[in-house]
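Colleague: Just a sequence and a predicted model for now, questions to come.
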Amino acid sequence: MAAPFQNYSGGVLLADIVKRNNLARYVQEAIKERSQFVKSGAVVRNSFLDAKEGGTRIQVPEFNPVSPTEEVMTGAANWGTSTAGYLTPQKIGTATQIASIVHRGFAYAVDDIAILAAGEDPMLAIRNQLADAINKLNKARLFSQLAG
């Protein structure tokens, strides 16, 4: 009879069958799922702000407020600002803001034995709690940045 706790070489282990997502991707999905700002549409992802080139600050374009000039339309051929009988297209100005790139990191680990012993998925608990904690930090950071 084989010893029940003997170390076997070979065979299929849980890690061979179950492949976990990368924790960063796993948490990013949870942040989006659990963020009230993202759910409401008040905050949206902008790939321009991903800062894949490195650095701590980026230039972010912004549009200046518009100041429309009304034009009076008449039956004459020379009405409007252009005096050519049509509405004159107006422009919008732009400016540049400087945005700070925030770097942060977390590390957690779970092995197959912990999952079996707990009977639950500890990584799921870590994911949800970490997403909530990051959303709380993001909320404070967002309010701070909006306040100037």
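Modeller: Here it is on my side, so go on.
Colleague: just the helices in this protein please.
Modeller: Assigned by DSSP state H, the helices in the chain fall at 14-17, 23-34, 36-40, 112-118, 122-147.
Colleague: now for the ones you listed, which one comes closest to Val60?
Modeller: helix 122-147 (11.3 Å; CB to CB). (Glycine included, C-beta is placed from N, CA and C.)
Colleague: Can you list the buried residues in the closest one?
Modeller: By neighbour count with 16 or more other CB atoms under 10 Å, helix 122-147 contains the buried residues Met123, Ile126, Arg127, Leu130, Ala131, Ile134, Asn135, Asn138.
Colleague: Any chance of the residues you listed in JSON lines with pLDDT as columns?
Modeller: What follows is the buried residues of helix 122-147, written out as JSON lines (pLDDT from 0 to 100):
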{"residue": "Met123", "pLDDT": "80"}
{"residue": "Ile126", "pLDDT": "85"}
{"residue": "Arg127", "pLDDT": "84"}
{"residue": "Leu130", "pLDDT": "88"}
{"residue": "Ala131", "pLDDT": "89"}
{"residue": "Ile134", "pLDDT": "87"}
{"residue": "Asn135", "pLDDT": "88"}
{"residue": "Asn138", "pLDDT": "84"}
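Colleague: Correct me if wrong: Ala84 contacts Asn78.
Modeller: Yes - between Ala84 and Asn78 there is a contact at 7.0 Å, judged by CB atoms under 8 Å.
Colleague: before we move on, the earlier item: for the buried residues of helix 122-147, which one is nearest Thr56?
Modeller: Asn138 (17.5 Å).
Colleague: contacting residues for the closest one?
Modeller: Ile31, Ser35, Phe37 (CB atoms under 8 Å, 6 or more residues apart in numbering).
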